[in-house]
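Colleague: sequence plus the predicted model coming up.
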2 protein chains.
Amino acid sequence: MTVGVRHDDLRRRNRAMVIAAVRRAGQPSRTEIAAVTGLSNSTISTISADLIEEGILAQAKTGETAALKRGRPQVALGLNPRAATVVSIALSLNSLSASLIDYSGKAIIHDISRPATLTMTASGLVEAVTAAVGRLLARMEPDHGPVLRMTLAIQGITDSEARKLMWSPITPHSDIQFANALETAFGIPVTVENDCNMIAVALRGRAPDRYRDNFFTILLSNGIGMGLVLRGELFTGSHSSGGEFGHMIHVPDGAQCRCGRRGCIEAYAGNYAIFRHARGESEYAQPAADIDDATMLALAAAARDHDGREREAFRKAGEAIGFGLGSLFALFDPAPVAIVGLGSSAFDVIEPALRDAISKTAGGQHNAAISFDLEPDETPLIRDGCARQALTFVDQDIFAPGAAVETAGKAVA
Amino acid sequence: MTVGVRHDDLRRRNRAMVIAAVRRAGQPSRTEIAAVTGLSNSTISTISADLIEEGILAQAKTGETAALKRGRPQVALGLNPRAATVVSIALSLNSLSASLIDYSGKAIIHDISRPATLTMTASGLVEAVTAAVGRLLARMEPDHGPVLRMTLAIQGITDSEARKLMWSPITPHSDIQFANALETAFGIPVTVENDCNMIAVALRGRAPDRYRDNFFTILLSNGIGMGLVLRGELFTGSHSSGGEFGHMIHVPDGAQCRCGRRGCIEAYAGNYAIFRHARGESEYAQPAADIDDATMLALAAAARDHDGREREAFRKAGEAIGFGLGSLFALFDPAPVAIVGLGSSAFDVIEPALRDAISKTAGGQHNAAISFDLEPDETPLIRDGCARQALTFVDQDIFAPGAAVETAGKAVA
DNA sequence: ATTATTTTTTTCGAGGCTCGAAAAAAAGAG
DNA sequence: CTCTTTTTTTCGAGCCTCGAAAAAAATAAT
């Protein structure tokens, strides 16, 4: 049941909306905020005065915006960079990056390290992350705002509470309680998110025109990940982070997947699957742990060069992804798709088969209208998405606390 | 952008919530409404006084609820049956049912007819529906409330605006503008909904404990339909009613589907597909237009009786549905599933292969925990869902108008 | 029969929020 | 230096919800 809207929720919601408007618009004037939010000028004036007093917003120096118009010049409002900071952490295979982000979204410090994730113990992994954050915070200058939130993105499956890593290809261990460990170590609230979900958050923030209501992000690397945004909201499953596109079944009882099952899309389109096909190995051969980037780029080059096993391998990959996308389009209708990760640099050899497969599915009639955005380097997107996710939490739950959150399960609607 | 919450929205939202609480609870007292909504007793008192004055709610006669407790007895509030009426229309193959529903949700009058939908013209179909509604309204007694909404459920694909039928197996015609035609004829707002979506609405209303956040309804008949509820809200696609589970691809380039494509789940699990397999025909044989119920029941009986082609046909059907559900579970995590329609009466011969298939998919480890509700007769559910959908509209958009609807695409979240 | 107790519902004043109108502020135009 | 234009702030009005107290309506106790 949606809980009743009480009188004090009103101000909190509108505060959150003003903060959101400033974060999106960058340097809006009070008048612009009023126009965007639909609230009156007087209300915006009151709320922004509060937020400035609390150090959350800051007025730009006068004269910065050369108005060249008649009338009193607009005063630009911006997020006060020192209102807070957040930590954005991206953990992937043999790679760990932690960043300190100020409240305006600017990265201040990075800490990059290369732990051997596959061979570490679970507690070793937790310690590596803790140590990276520790180094980051140690380098933090005193005039920055307090650290109010950390978000950790990991390739793999996280739980729906965003507390732990349930399973990941980067480590043989499961159920690693990252959030508890980091919160104990630093006393700062932490969430653990799926990397593709953070990519989706980043894309929505960067290109809200294109990525708004429904869209999919697909990460092509050794495994296949997906971020799913439906009705403008990141979809996470009831138990897990959800969106296991790579483990939808492409061919019943088909090729051997790394997950132990058979016929998953990943077993045709993951790096190891393409590698396996290109080498002429059986579909049931044990998947290779990880294929390095140079090898994959060489396979793609060979596929471009001549019609051989490499080309066939990428063709099979495209077919698997295409049929999978076709199933998504059948469920959700066609929507924008972003292809992220190293695999997108081979998209030219994947695309023909992919489109051919889509044309055989329910979304086929819209094939021509479906465009794919490519982004070979996923790491900056993951970092960016984590930062946005953490900042949104600060905006909504710390700087506009208590706002009536719509609980799942509407009244009758 | 979510629009700002203005002061008068507050009352409207809380009005809607009180109405919703009464609709759900049946005959709650003011105190119970206050507890459920989280609003104060004084607010509930004010709002319910307004709603009673406007004839939307009605106080139950005193003495009806024998309290047997100390203290002032609770006064039960109920929906005033004469506050409004709505029309619920279910159109399926050769069958048309229109019902007049009072504001409390009780059906008053039914009009059942059997138009030959497959052979009618598009305008003939519209006229048949218009005539049925006309007969219904002609029989309406004057003391009933005004008709404020009509909802028409049809098997097939409707547009996302719920204005027209884009495609349906019950007629060769497409893009039939039912909503415009009915609104012109009767001057009452109309929506055109997918039948499976209405089944989902009905189930959520009937068993909110089981069907709340995420769940699926699957209709097994000549085609395969699906209703998809995610986060408590009916999911409809961006262009269409969405949820074309039956046309997710089960086997790439597989059996011939009625939709013209190949390998769809429906091409293995639709009645015509089971029939085709059981008769030993090729997977590529032209699908039969419609199989009557008795034939399908006989096939199921034969499958139960001996291990022959019939059993194999149902096995293939179960396998297709199982892999499809497995893909859904991969995307959304396992969730309750309701199997509706005549096919559910053969679920015993479908289930083994279905579960076997699910166990090979990403949701497989939860196989034992997944239970299926069966409901062979879908028509009452469709009628019920339509009525609920229409009444919810009246509750929210007519009796609590102007409430700030959360527009798609949240601010930053 | 009357009083006490309990529970529900209504009443009433207080406080908070947003809004519109008017005023103030801050620039360019003439 | 005054007029015009635009933005921002100020101020009173009008709602809405809330908590406390009062009223209402029943049972339990004396």
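Modeller: Nice, thanks for sending it over. Numbering: from 1, shown residues only, chains lettered A, B, ... in the order given.
Colleague: which stretches of the stretch 151-300 of chain A form strands?
Modeller: Remark: strands assigned in the stretch 151-300 of chain A by DSSP state E, counting those that start in this stretch are A:157-158, A:165-167, A:190-194, A:215-220, A:224-230, A:233-234.
Colleague: among these, which comes closest to residue A:89?
Modeller: strand A:190-194 (8.9 Å; CB to CB). C-beta: built from backbone N, CA, C; applies to glycine.
Colleague: which residues are contacting that closest one?
Modeller: Here strand A:190-194 makes contact (CB atoms under 8 Å, 6 or more residues apart in numbering or on different chains) with A:149-159, A:162-165, A:178-179, A:182-183, A:225, A:227, A:236, A:241, A:243, A:386, A:389-390, A:393.
Colleague: same check, this time on stretch A:125-145
Modeller: Taking CB under 8 Å, 6+ apart as the rule, stretch A:125-145 contacts A:80-85, A:87, A:89, A:91, A:96, A:98-100, A:102-103, A:108-111, A:113, A:115, A:117, A:120, A:147, A:150, A:152, A:171, A:173, A:176-178, A:181-182, A:185-186.
Colleague: what does chain A have sitting close to DNA strand D?
Modeller: A:4-7, A:29-31, A:41-42, A:45-46, A:48-49, A:69-75 (CB under 7 Å from any atom of the strand).
Colleague: so how many other residues sit close to whatever residue of the stretch 101-250 of chain A ends up closest to DNA strand D?
Modeller: Here the stretch 101-250 of chain A gets closest to DNA strand D at one residue, residue A:104, 18.9 Å apart by CB to the nearest atom of the strand. Neighbours of residue A:104 under the rule other CB atoms under 10 Å in any protein chain shown: 17.
Colleague: now do the same contact list for it.
Modeller: Residue A:104 neighbours (CB under 8 Å, 6+ apart): A:78, A:79, A:80, A:81.
Colleague: ok, and the most crowded of those?
Modeller: residue A:79 (23 neighbours).
Colleague: would you agree that residue is in contact with residue A:57?
Modeller: Yes - counting by CB atoms under 8 Å, residue A:79 does reach residue A:57; the two are 6.4 Å apart.
Colleague: which neighbours do those two share?
Modeller: Going by CB under 8 Å, 6+ apart, residues that sit against residue A:79 and also against residue A:57 are A:19, A:22.
Colleague: re earlier: ok, and which of the contacts of residue A:104 reach DNA strand C?
Modeller: Of these, not one also sits near DNA strand C (CB under 7 Å from any atom of the strand).
Colleague: mind checking which of the contacts of strand A:190-194 are in helices?
Modeller: Here DSSP state H is the test, and the contacts of strand A:190-194 give A:178, A:179, A:182, A:183, A:386, A:389, A:390, A:393 as lying in helices.
Colleague: and residue A:281, how close does it get to residue A:288?
Modeller: 9 Å (CB to CB, to the nearest Å).
Colleague: please apply the same query to residue A:153.
Modeller: Distance check for residue A:153 against residue A:288: by CB to CB, it reads 24 Å.
Colleague: these two: which is more packed in?
Modeller: residue A:153 (28 against 17).
Colleague: so the more buried one makes contact with residue A:202?
Modeller: No - using CB under 8 Å, residue A:153 makes no contact with residue A:202, being 10.1 Å away.
Colleague: which residues are common contacts for these two?
Modeller: A:382, A:385.
Colleague: please parse chain A into its domains.
Modeller: Split into domains by automatic domain parsing, chain A comes to A:7-79, A:82-199+A:380-396, A:222-377.
Colleague: of these, which is nearest residue B:277?
Modeller: domain A:222-377 (15.7 Å).
Colleague: end-to-end on the closest one?
Modeller: By CA to CA, to the nearest Å, the extent of domain A:222-377 from end to end equals 14 Å.
Colleague: so for it, mean pLDDT?
Modeller: Averaging pLDDT along domain A:222-377 yields 93.
Colleague: same deal with stretch A:20-31?
Modeller: 95.
Colleague: and the residue of the stretch 201-350 of chain A closest to DNA strand C?
Modeller: residue A:232 (23.1 Å).
Colleague: check contacts around the residue in the stretch 251-400 of chain A that DNA strand C sits nearest to.
Modeller: Proximity of the stretch 251-400 of chain A to DNA strand C (CB to the nearest atom of the strand) peaks at residue A:400, 10.9 Å away. Counting by CB under 8 Å, 6+ apart, residue A:400 touches A:12, A:13, A:15, A:16, A:19.
Colleague: follow-up on the earlier one: could I get the strands of the stretch 151-300 of chain A as CSV with mean neighbour count?
Modeller: Formatted as CSV, the strands of the stretch 151-300 of chain A follow (neighbours: other CB atoms under 10 Å in any protein chain shown):
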stretch, mean neighbour count
strand A:157-158, 26
strand A:165-167, 20
strand A:190-194, 25
strand A:215-220, 27
strand A:224-230, 27
strand A:233-234, 18
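Colleague: tabulate the ones you listed (a markdown table), appending distance to residue B:307.
Modeller: Conversion of the strands of the stretch 151-300 of chain A to a markdown table gives the following (distance: least, CB to CB, whole Å):
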| stretch | distance to residue B:307 |
| --- | --- |
| strand A:157-158 | 40 |
| strand A:165-167 | 39 |
| strand A:190-194 | 45 |
| strand A:215-220 | 43 |
| strand A:224-230 | 39 |
| strand A:233-234 | 48 |
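Colleague: so where do the helices sit in chain A?
Modeller: A:7-25, A:30-37, A:41-53, A:122-138, A:178-186, A:195-206, A:266-269, A:271-278, A:293-305, A:309-332, A:347-358, A:379-393.
Colleague: tell me the pLDDT of the residue minimising distance to the centre of chain A.
Modeller: Most central in chain A under CA atoms, centre = their mean is residue A:198, positioned 1.2 Å from the mean C-alpha point. Looking at residue A:198, its pLDDT reads 98.
Colleague: excluding its backbone neighbours, what's nearest it?
Modeller: residue A:385 (3.1 Å; CB to CB, 6 or more residues apart in numbering or on different chains).
Colleague: how close does the one you found sit to chain B?
Modeller: Using CB to the nearest CB, to the nearest Å, residue A:385 is found at 12 Å from chain B.
Colleague: in chain A, which residue sits closest to DNA strand D?
Modeller: For chain A, CB to the nearest atom of the strand, closest residue to DNA strand D: residue A:71, 2.1 Å.
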